[in-house]
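1. this is a predicted model, with the sequence first.
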There are 6 protein chains.
Amino acid sequence: MERNVETFIGCDASYEEAKAVIFGAPFDSTTSFRPGARFGPSAIRHESFGIETYSPYQDKDLTDIRVFDSGDLELCFGLPEMALRDIEERTEEILEGGRLPVMLGGEHLVTLGVVRALAARCPDMHILHFDAHADLRDDYLGARLSHACVMRRCHELLGDGRIHQFGIRSGDREEFRFAAAGHTNLYPFDFQKFPETAQMLADKKVPVYVTIDLDCLDPSCFPGTGTPEAGGVSFNDLLSVIRRLPSLHIVGADINELAPMLDPSGTSTAMACKVLRELLLAIVAKTE
Amino acid sequence: MERNVETFIGCDASYEEAKAVIFGAPFDSTTSFRPGARFGPSAIRHESFGIETYSPYQDKDLTDIRVFDSGDLELCFGLPEMALRDIEERTEEILEGGRLPVMLGGEHLVTLGVVRALAARCPDMHILHFDAHADLRDDYLGARLSHACVMRRCHELLGDGRIHQFGIRSGDREEFRFAAAGHTNLYPFDFQKFPETAQMLADKKVPVYVTIDLDCLDPSCFPGTGTPEAGGVSFNDLLSVIRRLPSLHIVGADINELAPMLDPSGTSTAMACKVLRELLLAIVAKTE
Amino acid sequence: MERNVETFIGCDASYEEAKAVIFGAPFDSTTSFRPGARFGPSAIRHESFGIETYSPYQDKDLTDIRVFDSGDLELCFGLPEMALRDIEERTEEILEGGRLPVMLGGEHLVTLGVVRALAARCPDMHILHFDAHADLRDDYLGARLSHACVMRRCHELLGDGRIHQFGIRSGDREEFRFAAAGHTNLYPFDFQKFPETAQMLADKKVPVYVTIDLDCLDPSCFPGTGTPEAGGVSFNDLLSVIRRLPSLHIVGADINELAPMLDPSGTSTAMACKVLRELLLAIVAKTE
Amino acid sequence: MERNVETFIGCDASYEEAKAVIFGAPFDSTTSFRPGARFGPSAIRHESFGIETYSPYQDKDLTDIRVFDSGDLELCFGLPEMALRDIEERTEEILEGGRLPVMLGGEHLVTLGVVRALAARCPDMHILHFDAHADLRDDYLGARLSHACVMRRCHELLGDGRIHQFGIRSGDREEFRFAAAGHTNLYPFDFQKFPETAQMLADKKVPVYVTIDLDCLDPSCFPGTGTPEAGGVSFNDLLSVIRRLPSLHIVGADINELAPMLDPSGTSTAMACKVLRELLLAIVAKTE
Amino acid sequence: MERNVETFIGCDASYEEAKAVIFGAPFDSTTSFRPGARFGPSAIRHESFGIETYSPYQDKDLTDIRVFDSGDLELCFGLPEMALRDIEERTEEILEGGRLPVMLGGEHLVTLGVVRALAARCPDMHILHFDAHADLRDDYLGARLSHACVMRRCHELLGDGRIHQFGIRSGDREEFRFAAAGHTNLYPFDFQKFPETAQMLADKKVPVYVTIDLDCLDPSCFPGTGTPEAGGVSFNDLLSVIRRLPSLHIVGADINELAPMLDPSGTSTAMACKVLRELLLAIVAKTE
Amino acid sequence: MERNVETFIGCDASYEEAKAVIFGAPFDSTTSFRPGARFGPSAIRHESFGIETYSPYQDKDLTDIRVFDSGDLELCFGLPEMALRDIEERTEEILEGGRLPVMLGGEHLVTLGVVRALAARCPDMHILHFDAHADLRDDYLGARLSHACVMRRCHELLGDGRIHQFGIRSGDREEFRFAAAGHTNLYPFDFQKFPETAQMLADKKVPVYVTIDLDCLDPSCFPGTGTPEAGGVSFNDLLSVIRRLPSLHIVGADINELAPMLDPSGTSTAMACKVLRELLLAIVAKTE
């Protein structure tokens, strides 16, 4: 008798045949406002049976590609550095096998674990960062490993001009000044400047990591997140971005900050599932 | 002492004087994902006291027309065919009296009951179908009477070119191919092509049935439904469609798939009430 | 890379080594009031990580026994007979291997599938039925395969005196008369008469099936069910029953009617997990 | 075509044949903490289809008695005196026809409207008051017509020794002193002293009004109320009280303070339905 | 030891140094549909720690201005006139000190208290009214002090042509006729006509009061309100309005009708916080 | 103008005059299952206006004693050791002034901060521990500062025989063995053995710290906690314990693990308020 295992829909390839590997990073210990992003990965997996494997937007089907869903890591709450090391190790294991890592957060801090592993291999990597919040603080109430500092930590790894931030509409004055000083390219409020950046990165042929904090979406279409910020983008805006990704050299990606406890109608989880489907179809090469 | 009876607001005409008859079809046995559409009709009736009878969009008032709200049918859960027969009979009874049937679902399968009754009388009928999902599967896990198959069953009754689908953004590859093969006119994602279709139907003077799966609306403005699909239309988009209906020969209509258990803030039910008000004002001729 | 698979906590044995097999029957098409029991099995599995594998009540640990959690069946909504056949087949497969079937409902109708398979092999089987509702109707709104009729259908298979009902506090007058006529042994309101029945069944050494409709529990400690009935038993009452099961010849068991959508605080799901742990520890023999 | 009208289950007698009349008083303007009791009556009516008409406790059936459910009054929010007058008038109308008034609140203040009408006809009336709160303040933030003052206002109408309060476990020191001074008979915490009071009232053959603030029940079994107070009675405790009522000369009754918005799992509304069923079966004489 | 007091974020100035004073008016006794706006002020204060003090839209920071948050008034439920007098007195006290009053409702009726105080001092005052509802009824079920009548009462104080209404999409026919007769300037559905009105008021240099019923926003981005009306404006629309306010002579402002109980995901409260921050930054002059 | 500051009801004494000091420790970073206990302290303070200051159980009133509510600490998420140090410092400050510390958690780990400060001053201190969980693990997924280890850490400070645990019904086998080895006095399931322990501690006149994990209560009356465990005690059981505390030499106390996000009906928060009121009345000496 075979076990009917729950994976993200259409991602039931074996590890051996897979081109990409999904893993969950159920961690939210540094969330400063409303926690619960730890439940994001399993909710995405669980609710994915409400969407189809086929995308009428891209006319592609998850059944055409090979993705292995490895389930969730078991991360220690209360010890961010230990959790980041576990994420980094998992990412290295995936990269060693020549596969594409796709992480499901968790709070945004988890991105640092993947970026550490990737930055070691791709020192010329750029980051596409979609978010409502700048995440550029140097510390938050004393903690330097915090969701509010994750892009600042990434900046320390990659240096100036490597992080491209879109949709940002919240932060303290210092964060906006840090970006304005040329450390990152911060495009506030919407994604209008994305096509230019995408073209630039395509021309440069540099490796690109994509991190999508789902709260870049307007709270109307994505209420289920810890720190909702009015004035965000629509699904169609985000879809336009994703549909441009095939022109880039993507080396990894994550989506994060779904907090299912704050999503009583289930629309945010359904949104996350759809974003993940479109993302996978855009960045995982068709297997045959 | 008179009983203070709960009807949809402004729809307290007697059956005899009514031009249109509302009835609820509280059925959702074939819902494959999240059930609860069975509670849609009573929620719409119950919450209708939160809206006004007057529409500033159409400058019309429900108190100017005559609608009889007959309450809900008592349908058997677990026996779709029996439920469909009950709906068909109720529709026939309304049609025999020369009145306009307006059904409140329930899951989308209930539409088939009304369409059966109408197709028998109006073999040249067309269907205007507003939905996020194509609903064109031949069967779903073995069941041919399923919400996911309802338009396929309608197609069997009416034939090619009679079903006009708008807003569709979910389905498996086969469903989109079935439509693309010319069996239905499927306009994906939005309602931009609706005016042309409306003009064509007005010119032909054919009888038209309108079925509005409320999940055609974006989940941001209509979260309370079993299978929310990001990327839908706005209330103003749907309103534009409804305001064109007076130019057509409408022989019946339904709205469906409100699932109040998934609508904790009540906005979806309020939306359904407003859509029903606008729909009634658009398709029921002013009585005096 | 191994997949981190989600099973009920501590039930990660392989099928080959297992003494018992858990499977989910996510079906609720005939639920007449508030649906959602379909989500029971996955919620129990998912939330089981909130409890321990060790029971201080029985001083036993799930890690000491061998249980295979086979995940959920894929059942067709809207076709009860087809769903029951799938359940019956799964049960037969488990029985053929000499293992103990433990089903997670779903609405109570699913019990009929297991009982059909077991009754064919154990014609002298008795049923211990814990429930708020008698479930003895001959039909419900025309349907004979309904949650409200499941014990009546079981009675047709097993005959008079074989079904022992405890905690019953709801039903129509006819159901209570049917029981009073000697067809079943119905002990209303509480479990006070259980020890005598248990002793009788132990003395007779007959095969016994246990079906626990979790709504036998008082809604105060188990609110998350479709049809809550005030005046039920406590967890300690149910625990006392379970702790007597090792003295009986148990051939199968199920728990059912958890509806997670009606359990916003999560206590009902946690209760179901704890009941399942205690049940497994009581009926699955210690492996070494 | 007949309208399928929603009444409390089994209470579909015509006004003419009815022995008792149910009416809703959807008012909660003076609620000082969490409002929403206004939705109590319609929730009770709406959810009553989840219970049976038959009571296995009393072995009686609602189909054996004749009750007219007149629906809800339309009461003005923000004007308590006007609302009370409407309630008083409705009660007088029912009493003039020789029928028994049974009101569904609403906040507890609505009881005053019924008591005014009854006290005018039965100056020797006693009140049985089941509640968590004493409701004996002279005013609340300046308002004398407040839920927190309702028993004080009733005391002004009836005088000392006429109000018997059970289950009281909250109030300010003054309220407890007012009762202790002999103005009311206040039995704190539980219903243990009820049998004696019932016997006394039965012996005296005086007219008795019963007002059940459902928050007398423990919040574990009745969470859905504005001001839950730990340490209350169980359903079985309340049932015991109700089963004694047939020995008394009951001239009217109400249940109040269900707040459905605070009852996400629906158990409180189900409880209210069951209490109403048992109450009706206890106080409305069997018709044949 | 100092108490860590909860104020609206960044509004911890002392009363003496403050240029503006925030106060809450937690009143909703006349709410006719779904109550709970009483909890709006404390929710805004409590959840404000989820937003930043800095606005990237206006490039201003709450730490640059001086605002005293005086907490909530204690208002009597059930006595609207008494509540209005308390609000009027508080407003007068603030005005006497030469400070700007900023009120947090509560239901919309509370606006009348502030307008009474201001109209006495500024007889030439205009009102900018942003709302889904016209609020122009003469009475509502007999009550003249009702949320549904508040602009009618303000009109009685100020006369024709002084009230400018934007976003209105609900009302009975009489309300729209009252406006159309020239009593108020009612611009339905959206804010497109606002710039002209703003220019006119700036040119006239008249005192202006701003009242923002947050249900002017579309329910998609502001579900948490008692009477949601589809077809509203976006946050960016409202932000555009607020960013024009520095050109006007603002004498007071309020935001109202947040009902946190209807906001399970918290996005509506977060929206209210952000609107309040932008409003304060726009109307309170920079202190140094 | 004075600010209307929110404190726990009746606890508005100045720091100088206070005999006891309440402070909140809004921390839950190590919560392994469902987070949200960080919101416990503010919810208790905010909802306390739903209860009275007077206790009819103890016939005492909060207005008779002097308690200073200092609000919440600002604790760093993600750094447990830093949070514990802040709690320890606050406790020391309170103790230096000769006042009684009363902490509101937060997850149970916060207790360690208070115990560290107290153990330094009272090396002969005993702990009364009321909980569903043993909290005796040596580490949890590698973390030694975890809610699941807090009593183990306290044991390291105080040694064998000093910790008395009541109501314990969950833990792994090792935890129960650790206790059984004589390290702590663990009384499983209920509070029946408490009177003996209380008598022993009274006789010894030793300093006693009281830590109440509110999940010792049955989930029926306290659903709003991260890890609910069926089979707990009732409010009356806990009240009996509290009423015995005046006979002991109490040097500090805390209540913890309320998670308001899991308490949609508000009964758990109301319970916590009532427990805190009774606790304060029992352990803070009457001021005059």
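-> Received the coordinates, thanks. Values in this document were obtained by computation on a predicted structure and should not be read as measured data.

2. and stretch A:194-214, anywhere near chain E?
-> No: applying Cβ under 8 Å from any Cβ of the partner chain, one finds stretch A:194-214 separated from chain E by no less than 13.2 Å. Where C-beta positions appear, they are placed from N, C-alpha and C, glycine not excepted.

3. from what I see, A:Val5 and C:Asn4 are in contact.
-> No: counting by Cβ atoms under 8 Å, A:Val5 does not reach C:Asn4; the two are 10.4 Å apart.

4. contact residues of the stretch 151-288 of chain A facing chain B?
-> When proximity is defined by Cβ under 8 Å from any Cβ, the stretch 151-288 of chain A lies next to chain B at A:218, A:220-221, A:235-236, A:239, A:264-267, A:270-271, A:274.

5. including distance to C:Ile22, neighbour count and pLDDT, could these go into CSV?
-> Below are those laid out as CSV (distance: Cβ to Cβ, whole Å; neighbours: other Cβ atoms under 10 Å in any protein chain shown; pLDDT from 0 to 100):
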residue, distance to C:Ile22, neighbour count, pLDDT
A:Asp218, 42, 26, 98
A:Ser220, 41, 27, 97
A:Cys221, 38, 27, 96
A:Phe235, 38, 23, 98
A:Asn236, 43, 14, 98
A:Leu239, 40, 21, 98
A:Pro264, 29, 23, 92
A:Ser265, 30, 27, 93
A:Gly266, 26, 25, 95
A:Thr267, 32, 26, 97
A:Ala270, 28, 26, 97
A:Met271, 32, 28, 98
A:Lys274, 32, 25, 98
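
6. mind showing which ranges of chain A have poor pLDDT?
-> Applying pLDDT under 70 to chain A flags residues A:288.

7. mind listing what the residue in it positioned nearest to chain D touches?
-> Here chain A gets closest to chain D at one residue, A:Pro264, 9.2 Å apart by Cβ to the nearest Cβ. By Cβ atoms under 8 Å, 6 or more residues apart in numbering or on different chains, the contact set of A:Pro264 is B:262, B:264, C:264, E:264-265.

8. from those residues, which land in strands?
-> Members of those lying in strands (criterion: DSSP state E): none.

9. what about these, which are in helices?
-> Among these, no member falls in helices (DSSP state H).

10. of the residues of the stretch 151-288 of chain A next to chain B, which is the nearest to D:Arg244?
-> Checking those against D:Arg244 by Cβ to Cβ gives A:Pro264 as the nearest, at 42.4 Å.

11. and that closest one, how close does it get to B:Ser265?
-> 8 Å (Cβ to Cβ, to the nearest Å).

12. same question for A:Ile51.
-> Distance, A:Ile51 to B:Ser265, by Cβ to Cβ: 23 Å.

13. which elements pack onto the one helix or strand A:Pro41 maps to?
-> Per DSSP states H and E: A:Pro41 is located in helix A:40-47. In this structure, helix A:40-47 makes packing contacts with strand A:20-25, strand A:67-72, strand A:100-105, helix A:267-283, helix C:40-47, judged by 3 or more Cβ pairs under 8 Å, 6 or more residues apart in numbering or on different chains; DSSP states H and E.

14. JSON lines for the ones you listed, including distance to F:Asp61?
-> Converted to JSON lines, the helices and strands packed on helix A:40-47 look like this (distance: least, Cβ to Cβ, whole Å):
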{"stretch": "strand A:20-25", "distance to F:Asp61": "51"}
{"stretch": "strand A:67-72", "distance to F:Asp61": "51"}
{"stretch": "strand A:100-105", "distance to F:Asp61": "50"}
{"stretch": "helix A:267-283", "distance to F:Asp61": "46"}
{"stretch": "helix C:40-47", "distance to F:Asp61": "42"}
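
15. A:Asp203 is nearest to which of the ones you listed?
-> When the helices and strands packed on helix A:40-47 are compared by Cβ to Cβ, helix A:267-283 sits nearest A:Asp203, at 18.7 Å.

16. buried residues in that closest one?
-> A:267-283 (16 or more other Cβ atoms under 10 Å in any protein chain shown).

17. these two touch, right, A:Tyr140 and A:Thr31?
-> No: if you go by Cβ under 8 Å, A:Tyr140 and A:Thr31 don't touch, sitting 10.6 Å apart.

18. for chain C, give me its nearest residue in the stretch 151-288 of chain A.
-> Ranking the residues of the stretch 151-288 of chain A by distance to chain C (Cβ to the nearest Cβ) places A:Pro264 first, at 8.0 Å.
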